[in-house]
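*Asks:* Return atomic coordinates for the entry below.
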Amino acid sequence: MLVVGACLNTHAMARDIVQGTLQLRWGDARAAPQGHVTVPPTIEAWLELGPGLRYRLDEAEATRAAGDLSALSNRRVAVSYRPRGSIAADPAIEAIVPVGRLPQRATARDAGGRIAMAEPLVGGTRWVTLMCKFADMAVEPKTRAFFQAQYGNAPGQLGHYWSEVSQGAIDLAGSAAYGWYTLPAVRSDYITGIAGKPRADLSRLFNDCVAQAEADVDFRHVQGINLVFNGELDGRAWGGGACGLLEGVYACTRATWSPPWASDNIASLAHEMGHGYGLPHSDNSDGDADTHDNPWDLMSDAWRHATTDPVLGLLPKHLAMHQRDRLGWVPAARKQVVPADNEATHDIVLEAGSVAASSQVQLVVLAGAAQPDPYQAEFYTVEARRRSGAYESSLAGDAVILHRVGGNGVAYSVDTDTPPADLSGNEGSMLKVGEQWNTPDGRHWVSVVASTPTGFRVRIGPRPRVMSTPAPALERSLPALSATPVATGRMDAGIPAGKRPHMGSICGLLARRWPASAACASSER
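*Replies:* Have a look, this model is predicted:
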C-alpha cells in the first residue's frame, strides 16, 4: 500500500482537484491519576483514493480549508490545491468540499450564522467487534460474551446508551462480537516508531484483523467495526474510519482501535464510536493542548465524573447538546435560537437533555455576529445538566452549562474563573440559581432564575445598548424584572423561504466556500 508518511501533497500539483474519501482518526490516551493525559491527543487526516492509494493530509491546512473538517469524516470529498510558492510539486490545500448530495440543512443559518454541513444520523447503525490478538501474545483479556454484552439494551450497555443520547434516533440492532483471532504478525510489526515515539499502523491492523474474521462475519450492512486487541497499541485508543476489503469489495467504514484499558470501559469505547460518527473533541477554556479536560461532554473527558459498573467499567456521560445537534438529534421544538440582534427578554424552561420525550427546550443557541466566512461565526450554547440516571449521576453538579462554539465547529466549555481551571467541572464552569452570565460581546445575558425537578428556569435578554463600562462576565445577583415584554414563542432559526441555491458542481461548492478559488478559475478558462 502506498502511504505518504510526511504531510506533503505529493499526490497533487498546484491547481489540481483530487477526489477521494476523507478519513479522520482521533487518538486518545487514558487519563493519568493526576488528571491530565500521559500522551497528548492527536488527529490524523488521510485522503483515500482507492486500493493501495492513500495520502496523509496536513491536518492544519485541512482544518482551515474545510471549515468544518469533522463533518466531512468518512465522506467523499474534493480537495483543491493552490501554489504554495514557486514549487508546483508542493502545493497547499485550498479547499475541501463534499462530493455528491449535500444534507438539506447545509445552508447558512440566519441566526447562528454557521453552516450545518454534518449529515443527520438516523436509523440502524450495526457495529461488529473483532477481537484480535498479536501473534506473539496468547493472552485473551476478556471473553466474547463480555464484548457481546456491551451491545445490549439494558442501562449501561451501548445499545441503551446510544438510543438514549440520540433520543431514539439511532440503534445498534444486529451488533455482535467475534473472536479471538490471531493476527499474522507480532506486535512489534504493527507498532512502529515515528520521531522516536510509538505509532500504531492502524490501516494494517484493520485489514489484517478483518481478513482473519472474514469466514465468520457477514460485513454486509455493517456500519462500524470496533477492533479490540490483547495488548497495548501506542498509548492511545483510536476512533474514526478505515478502508479495506469487506466481502470482496473495497469499502470505507467507521472504525475504532482499542487496547484492553479502553475496550474494558464502555465510556472509552463510546468516545471512540463518537469519532466514528464524525464527532470532534470538545475542549475547555484553558488554552492548552489537552482536549480531554471538559467533563461535560463524552467527546472530551470520558474518564472523570463518570459512573461505574462492576462489569462494564466506566460508563459514558451524555454528549453535550451541541454534539447532539451536529448529528440532527435535537428536534426543532426543543431548540431555541436567540438571534444576534435580539431585543426581547425570554423566560425559558430549560430541561436536561437526559429527559426523554421532553416537551420543553433542551438547547438554547445564542447567536453571534455574522462573519464573511460563515464557518468562522461564533455562538454560545446553553443547556441544563442534572445528576440522575445511569450516565449522569456522577457529574460535578446540577447546573446550567455554557459552551462557546468557535471555528471548525469545536465547542469550548465556558469558565468564569480567572484564570480558567485546568479541568472543567469547577464552579466557574457551572451557572447556578442566582447567577447571571454575559456574553463577551455584550449581545446577550443569561440568568438562572429557579431550579425545576428536571432542569432550570432561565431568563435570557439583550444587554443594554448604552453602558458606561463593560458588564462583568459573571454576576451573582439576578436582574430586576424588566418591563420588556417576554417573548413566549421560539425564534425560528430555519432556512429562509425561497429556492435553495444550486450547489451541484465541485466548482460551485468551491466558489461558495472561496469565491476567488484559483482551481475553479483555471478550470473554467
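
*Asks:* where does residue 513 land on pLDDT?
*Replies:* Note for residue 513: predicted pLDDT of 54.

*Asks:* So what pairs up with residue 338 in the strands?
*Replies:* The partner list for residue 338 in beta bridges (DSSP bridges) reads residue 366.

*Asks:* That one: neighbouring residues, count only.
*Replies:* 27 (other CB atoms under 10 Å). (Each C-beta comes from the backbone N, C-alpha and C, glycine too.)

*Asks:* my read: it touches residue 367, true?
*Replies:* Yes. Between residue 338 and residue 367 a contact is recorded at 6.5 Å, counting by CB atoms under 8 Å.

*Asks:* So residue 164 lies in a helix, does it not?
*Replies:* Yes. Counting by DSSP: H, G, I helix; E, B strand; the rest coil, residue 164 is found in a helix.

*Asks:* How much space separates it from residue 153?
*Replies:* 10 Å (CB to CB, to the nearest Å).

*Asks:* Helices of the stretch 51-200 of the chain, residue ranges please.
*Replies:* In the stretch 51-200 of the chain, the helices defined using DSSP state H, counting those that start in this stretch lie at 59-66, 144-149, 158-165, 187-190.

*Asks:* Looking at those helices, which is nearest to residue 228?
*Replies:* helix 144-149 (6.7 Å; CB to CB).

*Asks:* Let me know how buried residue 336 is, in neighbour terms.
*Replies:* 25.

*Asks:* tell me which element it is part of?
*Replies:* strand 335-338 (DSSP states H and E).

*Asks:* so for the first helix or strand past that strand going along the chain, what's the average pLDDT?
*Replies:* Downstream of strand 335-338, the next assigned helix or strand under DSSP H and E is strand 346-351. Mean pLDDT, strand 346-351: 98.

*Asks:* Please save the CA atoms from strand 346-351 in CSV.
*Replies:* The C-alpha trace of strand 346-351 is given here as CSV (Å, rounded to 0.1, in the frame of the first residue of the first chain):
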residue,chain,number,x,y,z
HIS,A,346,-37.1,35.3,27.1
ASP,A,347,-38.3,33.1,30.0
ILE,A,348,-37.4,29.5,29.2
VAL,A,349,-38.0,26.3,31.0
LEU,A,350,-34.7,24.6,30.1
GLU,A,351,-34.9,20.8,30.6
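
*Asks:* Run the chain-centre distance for it.
*Replies:* Its chain's C-alpha centre and that of strand 346-351 lie 26 Å apart, by CA atoms, centre = their mean, to the nearest Å.

*Asks:* do you know how far the nearest residue to residue 185 once chain neighbours are set aside is from residue 129?
*Replies:* Closest residue to residue 185 apart from its sequence neighbours, by CB to CB, 6 or more residues apart in numbering: residue 135 at 5.7 Å. Using CB to CB, residue 135 is found at 20 Å from residue 129.

*Asks:* between the two, who's got more neighbours?
*Replies:* Neighbour comparison, residue 135 and residue 129: the larger count goes to residue 129, with 26 against 13 (by other CB under 10 Å).

*Asks:* doesn't residue 180 make contact with that one?
*Replies:* No. The criterion here is CB under 8 Å, and residue 129 misses it with residue 180 at 10.9 Å.

*Asks:* Can you pull out the low-pLDDT segments for this protein?
*Replies:* 1-14, 32-38, 86-89, 101-117, 465-472, 475-525 (pLDDT under 70).

*Asks:* returning to what we had before: so the residue nearest to residue 185 sits against residue 181, correct?
*Replies:* No. Taking contact to mean CB under 8 Å, the distance of 10.8 Å between residue 135 and residue 181 leaves them out of contact.

*Asks:* which neighbours do those two share?
*Replies:* By CB atoms under 8 Å, 6 or more residues apart in numbering, residue 135 and residue 181 have no common neighbours.

*Asks:* What is the burial count for the residue lying closest to residue 402 once chain neighbours are set aside?
*Replies:* Nearest non-adjacent residue to residue 402, counting by CB to CB, 6+ apart: residue 414, 3.9 Å away. Number of residues near residue 414 (other CB under 10 Å) recorded here: 25.

*Asks:* wouldn't residue 414 be in contact with residue 429 here?
*Replies:* Yes. Judged on CB under 8 Å, residue 414 makes contact with residue 429 at a distance of 6.9 Å.
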